[in-house]
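**Q** What follows is a predicted protein model with its sequence.
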Amino acid sequence: MKGIVKGEQERLSWRYDDELLYIEAWGRDSLRVRSTHLEKMPEKDWALEPQGEVKPIIKISEDSASITNGKICARINTYGYITFYNEKNEEILKERWETREVPVDMMATENYARVLKEWGGTVPKAVMTFESNKNEKIYGMGQYQMEYLDLKGCELELCHKNSQTSIPFYISNKGYGFLWNNPAVGTVNFAKNLTRWTAEASCVIDYWITAGETPAEILENYTAVSGRPGEFPKWASGFWQSKLRYHNQEEVLETAREYKRRGLPLSVIVIDFFHWKHQGDWSFDPEYFPDPQAMVDELKEMGVELMVSVWPTVEPYSENYARLKQLGFLTRADRGVRTQYHCLGAQVFFDPTTQGAREFLYEKLKENYGKYGIRIFWLDEAEPEYQQFDYDIYRYQAGSAREIGGIYPLCYSQAIYDGMKKDGIEDPMNLTRSAWAGSQKFGTLLWSGDIYSSFRSFRMQIRAGLNAGMAGIAWWTSDIGGFWGGDPESEEFRELLVRWFQFGVFSPICRLHGHRRPSGTLPEVVDSGMFDFNTCGPNEVWSYGEKNYGILKELLMVRERMRPYVEETAAEASETGLPMLRTLFFNYPEDENCWETEDEIMLGRDLLAAPVTYPGMTSREVYLPKGDRWIDYYNGKVYEGGQTLMYPTPLEVIPFFIREGSGQYEKIRGQAEGGLCGWKN
């Protein structure tokens, strides 16, 4: 061979000139590939967890070599070009090389698959190019605000922003899953003519690939090496009430009391941001929350958990700023001033990339919230949300933002998770506005960020939630009704709120949140935007008119009856890594029609719903997958799978079907009479 190739216990290594290449078995039916121009391969595993002993089959000849691990095989030719095959010897992915060394028709140019080259900096830019698979469909990659479920043809930023979460793992309908195991800022282009991954600053090309016959098998392989969610807390399956924001202790308590007076189920109530005196104090402002212990105790007597918002922003006036700076636990700026965010002041972001910093943060939360019995934290601003996304400026103790920016939200979640586990809390769950590959193992409940209150945004959230699930995030939610722009007095917004609530009932977490327009209770205060806290309008289920209240109340009761099923589905996610919210094709990969259906959802294996995502929509098509029979929730009628129905959708109705034989119809329908609000078709 042109290069020097060696077969070791778990790996095939190849060296030529200044390139060192490893192909090694890493988990079931999976291989990891790394390439560097350094003398030795860096040891960072990033999203991948250490694996037990794996014994691949390695073969070396004069002009090629191969490594086989279960259902996947990689072959490398004499020039170092890699092609991957499944157990049927079908090509599933191939590096894209265009060189004169291997004559190809019309090949006058030189394009290399693996490139590590410095572009004026001290750390190389890493580029990895693959051939494009014809008729390929691609899913996963976290959550991006777009109306596409299939990502083929899309170019995506590999960085986090508010409502954009980059998790560089995808599932292909060609029977493989792929992880770009690199936390650097960059891009991926799933183009028609090629697939190209770029890391703006990285000394290593590092990716992992697995083969499987179904999306479920692929995702199980991926979560086996990147981690799975832990135990799902029972309180999480109920209804969560939130808004921006409850101004003081009495508002929080009175809201919870009203839910109980009305006989409405409530599991969690949320205290959003600026309940503190200074950003970075991570504590209650005593002026507005004078007796947190009494507040928590009364809520617990009502069976309600309290969640509090935590921001990683620290302002110079905070009691913790000087100590954090002394310890090196604040994000640095390589150039310019050290102000990274403006929100009622000038702030610097906490740096969670070291164990010492993570322990510091958790101890502060434990000291100022945990002592009252609060155990749910809302890790907001988790990207973090820089005022300007100039990643070449910002630096953490673990490296520059350009090199390792992807891991910030993972480290942020890990701080709370590790502390809780150390304190004996077996089922940590924390709401987080961003995530990276492997975040699911740190109790991460991802939500889709501060999105707009519109039907278009609503449609995007469905795709975002489904793709987040196929990127390994089993626990996911969105702001029911959207965050920005909702007016409780608007009939248009009331319709959107109801339709979104219907979707929320089938989400892993059913959570109402948003910044609502002022209600007019304080007419002397002019609303000028987000930070007029006292004028934030109401966002409780009784805030949207009597007719809609009746619909929302019944939806709450449906969710309450669904809770045992939600918990069963969550237990499956903990065991296998499979998402709770699923596409039709995830459960029915053999049904080609399911791959074409992007606007229906399944919660677990047995519940199918078709959200109504356009205003004034009085009917919609619903496809029922082949291979099962489906029970209409409203009237008990049974339909054969493999057919499309035209289903009436008055405002009180979301098409809802239960897989026959699952036993869920009797459990969820319970004692309900006449379906949602008495409607029958």
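**A** Great, that's in hand. All values derive from a computational prediction rather than experimental measurement.
**Q** what's near enough to touch Val464?
**A** That one is not Val; residue 464 is Ala. Taking Cβ atoms under 8 Å, 6 or more residues apart in numbering, we find Ala464 in contact with Gln143, Tyr144, Gln145, Ser448, Ser478. Quick note: C-beta positions are derived from backbone N, CA and C, even for glycine.
**Q** And the residues you listed, which two are furthest apart?
**A** Maximum pairwise distance among the contacts of Ala464 (Cβ to Cβ): 13.7 Å, between Tyr144 and Ser478.
**Q** Which one's more surrounded, these two?
**A** Set Tyr144 next to Ser478 and count neighbours by other Cβ atoms under 10 Å: Ser478 wins out with 28 against 21.
**Q** Quick check: the gap between the more buried one and Ile462.
**A** Counting by Cβ to Cβ, to the nearest Å, the separation of Ser478 from Ile462 is 9 Å.
**Q** Please apply the same query to Tyr112.
**A** Applying Cβ to Cβ, the value for Tyr112 to Ile462 is 39 Å.
**Q** Who has more neighbours out of those two?
**A** More crowded of Tyr112 and Ile462, by other Cβ under 10 Å: Ile462, with 24 against 14.
**Q** Isn't His342 up against Gln387?
**A** Yes. His342 is in contact with Gln387 according to Cβ atoms under 8 Å; the separation is 5.7 Å.
**Q** Look up which helix or strand Glu298 falls in, please.
**A** Here Glu298 sits within helix 292-301, counting by DSSP states H and E.
**Q** buried stuff in that helix?
**A** Pro292, Met295, Val296, Glu298, Leu299 (16 or more other Cβ atoms under 10 Å).
**Q** so who does the closest residue to the first one other than its chain neighbours touch?
**A** The reference is to Pro292. Leaving out its chain neighbours, the residue that sits closest to Pro292 by Cβ to Cβ, 6 or more residues apart in numbering is Tyr372, at 4.8 Å. Tyr372 makes contacts with Pro292, Gln293, Met295, Val296, as judged by Cβ under 8 Å, 6+ apart.
**Q** With Asp272 instead?
**A** Shown in contact with Asp272 (Cβ under 8 Å, 6+ apart): Ser242, Lys243, Leu244, Arg245, Tyr246, Ser309, Trp378.
**Q** Out of those, flag the one nearest to Glu220.
**A** Top of the list for closeness to Glu220, among the contacts of Asp272 and by Cβ to Cβ, is Trp378 at 29.9 Å.
**Q** pretty sure that closest one is touching Ser309, no?
**A** Yes. Taking Cβ under 8 Å as the definition, Trp378 is a contact partner of Ser309 at 4.4 Å.
**Q** got any residues that touch both of these two?
**A** In terms of Cβ under 8 Å, 6+ apart, Trp378 and Ser309 are both contacted by the residues Val270, Asp272.
**Q** For Tyr412, see how far away Val225 is.
**A** Distance, Val225 to Tyr412, using Cβ to Cβ: 22 Å.
**Q** in the stretch 401-550 of the chain, which ranges drop under the pLDDT threshold?
**A** 519-535 (pLDDT under 70).
**Q** So for stretch 365-376, mean pLDDT?
**A** For stretch 365-376, the mean per-residue pLDDT is 98.
**Q** Send me stretch 501-513 as CSV with only the CA atoms.
**A** Output of stretch 501-513 as CSV, limited to C-alpha atoms (Å, rounded to 0.1, in the frame of the first residue of the first chain):
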residue,chain,number,x,y,z
PHE,A,501,-51.9,23.2,23.4
GLN,A,502,-53.3,20.2,21.5
PHE,A,503,-49.8,19.4,20.3
GLY,A,504,-48.4,20.0,23.8
VAL,A,505,-50.6,17.3,25.2
PHE,A,506,-48.7,14.8,23.0
SER,A,507,-45.3,16.3,23.7
PRO,A,508,-43.0,14.6,26.3
ILE,A,509,-43.5,17.6,28.5
CYS,A,510,-46.8,19.6,28.4
ARG,A,511,-45.7,23.2,29.3
LEU,A,512,-47.5,26.5,28.8
HIS,A,513,-45.1,29.5,28.6
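**Q** so how far is that stretch off the chain centroid?
**A** Offset of stretch 501-513 from its chain centre (Cα atoms, centre = their mean, to the nearest Å): 15 Å.
**Q** how about it: buried residues?
**A** With burial defined by 16+ other Cβ under 10 Å, the residues of stretch 501-513 counted as buried are 501-513.
**Q** Looking at those, which is nearest Gly175?
**A** Of all the buried residues of stretch 501-513, Gly175 sits closest to Pro508, with 26.7 Å by Cβ to Cβ.
**Q** right, and that closest one touches Thr477 too?
**A** Yes. Under the criterion of Cβ under 8 Å, Pro508 is in contact with Thr477, at a separation of 6.4 Å.
**Q** Which neighbours do these two have in common?
**A** Shared contacts of Pro508 and Thr477, defined by Cβ under 8 Å, 6+ apart, are found at Leu445.
**Q** ok, Ile23 touching Glu8?
**A** No. Ile23 is beyond contact range of Glu8, at 10.5 Å (criterion: Cβ under 8 Å).
**Q** Which one's more surrounded, those two?
**A** Neighbours were counted for Ile23 and for Glu8 using other Cβ under 10 Å; Ile23 has more, 27 against 11.
**Q** Run through the bridge partners of the more buried one.
**A** Counting by DSSP bridges, Ile23 forms beta bridges with Leu12, Val33.
**Q** show me where the protein has helices.
**A** Counting by DSSP state H, one finds helices in the chain at the ranges 215-226, 249-261, 292-301, 321-327, 355-368, 401-404, 408-422, 455-469, 491-505, 546-576, 584-587, 592-595, 664-669.
**Q** Which among the ones you listed is found nearest to Arg517?
**A** When those are compared by Cβ to Cβ, helix 491-505 sits nearest Arg517, at 8.6 Å.
**Q** Centre of the chain to the closest one, how far?
**A** How far helix 491-505 lies from its chain's middle: 22 Å, per Cα atoms, centre = their mean.
**Q** List the contacts of that helix.
**A** With contacts defined as Cβ under 8 Å, 6+ apart, helix 491-505 is touched by 453-455, 458, 461-462, 477-478, 480-482, 485-488, 510-512, 544-545, 548, 551-552, 555, 558-559, 562, 601, 609, 611-613, 615-616, 651-652, 654.
**Q** How about stretch 60-71?
**A** Contacts of stretch 60-71 (Cβ under 8 Å, 6+ apart): 1, 5, 7, 11-12, 14, 23-26, 28-31, 54, 56-59, 73-78, 86-87, 211-212.
**Q** Cheers, nothing more for now.
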